[in-house]
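[1] Fold the stuff below for me.
(chains A and B)
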Amino acid sequence: MAVIEAISTTYLEADAATVTFSSIPATYEHLQLRCSIRTSASNRASVTLVFNGDTGTNYTSHRILGAASSVSAGGWSGLAGLMGVEGTGGDSTAADYGVVVADILDYANTNKNTTCQFISGAKIATGADLFVHSGLWDATAAVHTITLDGSYNSLRGSEFTLYGLNSS
Amino acid sequence: MADPAYIVDGVLTDGEAWVGLGTTTLGSDTATITFTSTDDGQVGDFSQYMDLMVVWYARSAKAATGEGYLGMRYNNNSGAIYGQQFLTGDGSSASAGESSGPTYTFLGFIPNNNVTANIFASGVCSIFDINSGKYTSSIAQLAEDMDGSGRVRLEAVTWRNQAPISEIDVFEVYGENMLAGSQVSLFGILPRMVA
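    Take a look at the predicted model:
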């Protein structure tokens, strides 16, 4: 068995409000989500990541942001979904898409809450924003569904692929 | 035409999401490591991959203390169209910066050859959706620890060109050689389109 397997790819042929990966097998050790996203927002925008349809205030996130020559950090609790999936908006060139790698660790272990890390970069009007996020879903259920659902549509050409990582 | 190795009886086998496209380990000091698409529908044909991943391990051959820069270009393009945004930590402080005009994707700092022997820097770089007609964006992570000094860095780069990638060149930015033993690997990452 290979170490990394592709579970599913969604390539948007039309603008979409939501992208969902469902019936995720519990047979992998970790998951990795790789995305290329442009949104209908006027500026860079986050696409919220939700596990198993849980939109309760059960998520926590921390981040470091590099914007031009400034560095900032922040933390949030009581979120209704995870931050860290960043797409470009209307202030950037039409061919600019934000890029994201998200690692969802030990997602099928029902003795742990699910933790994640995100690295993302997205062009803005002048320059770009660069993010490192951590994320916690305060639930021990095995992740079987991942939903990406922001306040804006993800535009045609946006691409999302979920990979499964096996233990060696 | 025969199918690529990861196609069996016309079906993409599940076990091959990441496909090794090549590894170059330098036997002597060398200026540039190049990977070129075979454009033949086989494993080495970049046109079939969603993403590419570069994994590297390098040290400069320059006989000096300090650091060199490791860069990467697409399609042999040296235009000033590789816009960057970065975060850097050096052990005591964090900083950020941006530039719209580099002529390469910055992969990371690499130790010069008067730094303690056998210390190499390492990094990975994801290059996203390389055949889509979008500008090509990447995220690179660097680890450079020189036993007392060093840096970690995260860098997002957008190559403002919509051409598919057919060639990747990795090189020392100031014209120095990479030291023998330096290594660069390239992987192709396949999608899985299901109903």
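
[2] what pairs with the residue in chain B positioned nearest to chain A across the strands?
    Closest contact between chain B and chain A, by C-beta to the nearest C-beta, is at B:Ala156 (2.7 Å). Bear in mind the C-beta positions are built from the backbone N, C-alpha and C, glycine included. With DSSP bridges as the criterion, B:Ala156 is bridged to B:Gln85, B:Ile139.

[3] Surely it is in contact with B:Ser137?
    Yes. At 6.8 Å, B:Ala156 and B:Ser137 qualify as touching, with contact defined as C-beta atoms under 8 Å.

[4] shared neighbours of the two, anything?
    A:99, A:121 (C-beta atoms under 8 Å, 6 or more residues apart in numbering or on different chains).

[5] Work out the gap between stretch B:19-37 and the centre of the chain.
    Relative to the chain's own centre, stretch B:19-37 is displaced by 11 Å; criterion: C-alpha atoms, centre = their mean, to the nearest Å.

[6] what is the mean pLDDT for it?
    What stretch B:19-37 shows for mean pLDDT is 96.

[7] same deal with stretch A:24-38?
    For stretch A:24-38, mean pLDDT rounds to 96.

[8] Which positions within that stretch qualify as buried?
    Judged by neighbour count using 16 or more other C-beta atoms under 10 Å in any protein chain shown, the buried positions of stretch A:24-38 are A:24, A:28, A:30-38.

[9] what's the span of it, first residue to last?
    Distance between the boundary residues of stretch A:24-38 (C-alpha to C-alpha, to the nearest Å) amounts to 25 Å.

[10] Spit out the contact partners of A:Ala141.
    Applying C-beta under 8 Å, 6+ apart to A:Ala141 gives the contacts A:51-52, A:110.

[11] tell me the contacts of whatever residue of chain A ends up closest to chain B?
    At 2.7 Å from chain B, A:Gly121 is the closest residue in chain A, using C-beta to the nearest C-beta. A:Gly121 sits next to A:86, A:98-99, A:128-131, B:85, B:137, B:139, B:156 when contact means C-beta under 8 Å, 6+ apart.

[12] Poorly predicted segments of chain B, please.
    Low-confidence segments of chain B, defined by pLDDT under 70: B:1-15, B:194-195.

[13] show me where it has strands.
    Counting by DSSP state E, chain B has strands at residues B:7-8, B:11-12, B:18-25, B:32-36, B:51-58, B:67-74, B:82-89, B:94-99, B:105-111, B:121-127, B:136-145, B:150-159, B:167-172, B:183-189.

[14] and A:Leu162, which of these is closest to it?
    Ranking these by proximity to A:Leu162 (C-beta to C-beta) places strand B:183-189 first, at 12.2 Å.

[15] Kindly provide the distance from A:Thr55 to A:Gly150.
    13 Å (C-beta to C-beta, to the nearest Å).

[16] Looking at those two, which is more packed in?
    Neighbours around A:Thr55 and A:Gly150, counted as other C-beta atoms under 10 Å in any protein chain shown, are more numerous at A:Gly150. The numbers are 22 against 14.

[17] Do the helix or strand containing that one and chain B come into contact?
    In the assignment (DSSP states H and E), A:Gly150 maps to strand A:146-154. No. Strand A:146-154 stays clear of chain B (C-beta under 8 Å from any C-beta of the partner chain), getting no nearer than 13.4 Å.

[18] okay, the helix or strand encompassing A:Asp103 in PDB with CA atoms only?
    Secondary-structure assignment from DSSP H and E places A:Asp103 in strand A:98-105. Taking Å, rounded to 0.1, in the frame of the first residue of the first chain, the C-alpha atoms of strand A:98-105 are listed here in PDB:
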ATOM      1  CA  GLY A  98      -4.900  31.200  -3.000                       C
ATOM      2  CA  VAL A  99      -3.200  28.000  -2.100                       C
ATOM      3  CA  VAL A 100      -3.500  25.800   1.000                       C
ATOM      4  CA  VAL A 101      -2.100  22.700   2.500                       C
ATOM      5  CA  ALA A 102      -4.000  21.400   5.500                       C
ATOM      6  CA  ASP A 103      -3.000  18.400   7.600                       C
ATOM      7  CA  ILE A 104      -5.700  16.800   9.700                       C
ATOM      8  CA  LEU A 105      -4.000  14.500  12.100                       C
END
